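>>> Coordinates for the following, if possible.
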Amino acid sequence: MKKRLPWLFGLLIVLFVNFTASAQVPERKGWWKFDDAANLLKADIGTALTGDGTPVEGPTANNKAIQVALGSYLTMNHGIAANGGGTTVNEYTLQIDFSVPETGKWYSFFQTDLTNESDAELFIKNSSNSIGVGDVGYTSKVVAANTWYRMLVSVKNGEFFKVYIDGALWLDGTGQAVDGRFGLLSSLLIFADNDGDDATINCSELGIWDLALDADQAAALGGANNARVPVRTKLGWWKFDDPANLLKAEIGSPLVLTGTQESIAGPTITNKATKIGLGSYLEMTDGLIANGGGTMVNEYSIQLDFSIPETGKWYSFIQTDLTNTSDADLFINKNFNTIGTATTNYSTNTVSANTWYRMVITVKNGEFFKVYVNGELWLNGAGQPVDGRWALADKLLLFADNDGDDSPILCSEAAIWEVALTEAEVLALGTDPTANIPERMGLWKFDDPSNLMKADAGLDLGETGPNSSVAGPVSGNGAIEVPLGSFLTMKHGSYGNGGGLMVNEYTLQIDFSVPALATWYTFFQTDPTNGSDGDLFVSKNTNAIGTQQTSYTSKTVTANTWYRMLVTVKNGEFFKVYMNGELWLDGAGQAIDDRFALADVLLLFADNDGDDGTIDCSEVAFWDVALNPDQAAKLGNASTVITGIAQQNLSGNASDLGQNYPNPFTNSTIFPYQIQKTGNVSFRVMDIAGKELRVINEGVLSPGKYNLEIHSNQLKNGIYFLQMKSEQGVITRKMVVTQ
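Residues are numbered from 1 along each chain as shown. Purely as a prediction, here's the structure:
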């Protein structure tokens, strides 16, 4: 038996997540509303403005505005004392509700130089109609003519400069120095510029705070008509993965059970489910507020991942009558196994027994009622009246019906949003609960001959012995050749799981080709000292894949042929090898913390006694879960372009930000990252609901490799995200705090 290195890390994750759709907005220090034509510059809070302007219509009948012409401006005495560690006002939020009569002109918003002899601090650019200034960049979104906007400029010199439009973050600019640009003196000029870049503009409201408002507060303030802007993230999420607490929420409030439920297997090994009995149901506190022009929730989306044990029965999905004395609001029809109601009609597609589906219901009363199943639109129903059928109170019943049309049903996940998701957003949720592929802990693609060890996700590999760049399976897909006696070292970032001290559950992907047959090839080695046999081979004698403990495949490998191999391990249960999506080897599971269990380092293509012939590899990936057959099939072969892999708000080049280590962490953790293009670099720490908790500005960095240390102070136990913004784009990684 192979000697094992001890692993001293266990994992305890406790989530304390509280999310509210809106945040408490503090009182303004100054507020000007321009509603009194006889006294246009008076203050509702603070000191009256000075300057010139004419009264005009505003965004609504009761909300008037001022028009400030080219060359004119307003002067605001804001009354805020110096803050932020300097001699000027370094932290504040400025609200400007504005409209421009035409595009293609320069517009100025504010000017900190009280002599107005310098450029203003924030503009609409004439060539692009975007908002910004050279020091912080410009927005990708643009302003339209004759449209009212609520702009919030949230400033904290030394940390950030942000611009929110109608509650959405349009510009996340680099923070300037304390007492530098954007620092305020005792007064502030509104719509002023020194050289004519201040075209005529309309303003219906001005406000100022002595602190930098956050994203939740910006969303709560909404648009220029004072309507709150809904968020497009989940407000409630329930996963049923904890048999000891089937009602707990990942986001939002716990469910309430009436009747019976039990924990059962779900769509994948790591995704459990609940079975709701006949006459039983779950009560969801949805966390939504009235919208859509009525007194109830008229716009929302609900996700239900479900399976039915048999066809030919009625099944109920949602019930908006909290007394459960009426018919439910969405069914599977007993006679046809279709989804719908008499009001909306029924789908032409049918539901099968013992099959998992992801259903997303999108509702906008007055317009539509839609049901998507596995990403496909099954039902496009007529919208009901505002506050009519499908409008929600503050709660919703799942799987309830008043007269027995609620046969036992299985559910592995439920979620709710306060908006009707678009088709693209529904597709982004995934099209099949059994085939959605979780986020990779590590990914290495070998496409850069100048740096073959770099990671696209996770940490760079280490190398022992020589290696070289070679052609991969298709044009543009490079590979590495690892010769006899050489190997690669992977720090995979996973921690003890599967009931042991070591990593007992994982999936390893290796895209490989062998140049010749009748040679021993090794794929991986769990002994970090390389003092033992490898853990998976191509046999010299048969060209089959396996080991003595697991036996060998009946199918064999061919020379100069590319394969995508997935090794899925769950010690105590199984050891499986998939080739190009097909199960080749179904081996017996080894004991917990025994063979195939991983320490913190894994060796690729290593063997202690020469059974590691020269091998080519075009891609390696690592997951901390055992993927299932559907997921293996979706991953396909070595030339498959993989889609649908979970990644949090990922755009740009994934090699920019590596996975942190250690993860989970107690006191501090390190995120490795690299910069490919000189520019501003900043980071945000967010909770699981996307709320910004911390901003870290690194300033302008040159190309190279860096490390960012994150400390756990003021972070409770739970899951958080680190988002990196650079010239290459935005990328987010998940981290776990355990105190």
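>>> Check which residues of stretch 696-711 are buried.
The neighbour-count check on stretch 696-711 (16 or more other Cβ atoms under 10 Å) flags 696, 697, 698, 701, 708, 710 as buried. In short, each C-beta sits where N, CA and C put it, glycine included.
>>> and the helix or strand of the chain with the lowest mean pLDDT, what does it pack onto?
Ranking every helix and strand in the chain by mean pLDDT, DSSP states H and E puts strand 729-737 at the bottom, with a mean of 75. Judged by 3 or more Cβ pairs under 8 Å, 6 or more residues apart in numbering; DSSP states H and E, strand 729-737 is in contact with strand 668-675, strand 718-726.
>>> Would you mind saying which of those lies nearest residue 402?
Counting by Cβ to Cβ, residue 402 lies closest to strand 718-726 out of the helices and strands packed on strand 729-737; the figure is 38.8 Å.
>>> Listing partners with orientation, what would you give for that closest one?
Each strand that pairs with strand 718-726, with its direction, by DSSP bridges: strand 679-687 (antiparallel), strand 729-737 (antiparallel).
>>> In it, which residues are buried?
By neighbour count with 16+ other Cβ under 10 Å, strand 718-726 contains the buried residues 718, 720, 721, 722, 723, 724, 725, 726.
>>> sorry, back to before: mean neighbour count and distance to residue 298 for the strands paired with strand 718-726 - can I get that in CSV?
Formatted as CSV, the entries for these read as follows, by neighbours: other Cβ atoms under 10 Å; distance: least, Cβ to Cβ, whole Å:
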stretch, mean neighbour count, distance to residue 298
strand 679-687, 19, 29
strand 729-737, 19, 32
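>>> Tell me which two of the buried residues of stretch 696-711 sit farthest apart.
Between any two of these (Cβ to Cβ), the greatest distance is 17.3 Å, for 701 and 710.
>>> Residue 70 versus residue 629, what's the distance?
Residue 629 sits at a distance of 68 Å from residue 70 (criterion: Cβ to Cβ, to the nearest Å).
>>> ignore the last one, residue 186
Using Cβ to Cβ, one gets 26 Å for the distance from residue 186 to residue 70.
>>> Now do residue 23, the pLDDT please.
Per-residue pLDDT puts residue 23 at 48.
>>> Walking through this protein, point out its helices one by one.
The residue ranges that make up the helices of the chain, judged by DSSP state H, are 215-221, 423-428, 629-635.
>>> hmm, back to that, next, the angle from the least confident helix or strand of the chain to strand 668-675.
For strand 729-737 against strand 668-675, the angle by axes from the mean of the first three to the mean of the last three Cα atoms, to 10 degrees is 170 degrees.
>>> Low-confidence stretches in this structure?
Filtered on pLDDT under 70, the chain yields the residue ranges 1-24, 226-229, 269-270, 435, 641-656, 688-690, 728-730, 739.
>>> Let me see the domain layout of it.
Here the domain assignment for the chain is 30-221, 236-428, 442-635, 654-737, based on automatic domain parsing.
>>> Verify the stated contact: residue 322 with residue 392.
No: if you go by Cβ atoms under 8 Å, residue 322 and residue 392 don't touch, sitting 9.7 Å apart.
>>> any chance of the helices and strands packed on strand 729-737 in JSON lines, plus distance to residue 692?
As requested, the helices and strands packed on strand 729-737 are exported to JSON lines (distance: least, Cβ to Cβ, whole Å):
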{"stretch": "strand 668-675", "distance to residue 692": "17"}
{"stretch": "strand 718-726", "distance to residue 692": "9"}
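>>> Those strands: which one's closest to residue 552?
Nearest to residue 552 among the helices and strands packed on strand 729-737 is strand 668-675; the distance by Cβ to Cβ comes to 38.5 Å.
>>> Convert the C-alpha atoms of that closest one to CSV, please.
Output of strand 668-675 as CSV, limited to C-alpha atoms (Å, rounded to 0.1, in the frame of the first residue of the first chain):
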residue,chain,number,x,y,z
SER,A,668,-5.6,35.4,5.3
THR,A,669,-5.3,34.0,1.7
ILE,A,670,-3.3,34.8,-1.4
PHE,A,671,-4.8,35.4,-4.9
PRO,A,672,-2.1,35.1,-7.6
TYR,A,673,-2.8,37.3,-10.6
GLN,A,674,-1.0,38.5,-13.7
ILE,A,675,-1.2,41.7,-15.8
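>>> residue ranges of the strands in the stretch 51-200 of the chain, please?
Using DSSP state E, counting those that start in this stretch, the strands of the stretch 51-200 of the chain run over residues 54-60, 63-68, 74-77, 91-99, 107-111, 122-124, 130-133, 137-142, 149-156, 160-165, 168-174, 187-190.
>>> Just tell me which of the ones you listed ends up closest to residue 523.
The closest approach between residue 523 and any of these, judged by Cβ to Cβ, belongs to strand 168-174 at 43.0 Å.
>>> Show me what the closest one is packed against.
Taking 3+ Cβ pairs under 8 Å, 6+ apart as the contact cut, strand 168-174 packs with strand 130-133, strand 137-142, strand 160-165, helix 215-221, strand 679-687, strand 692-701.
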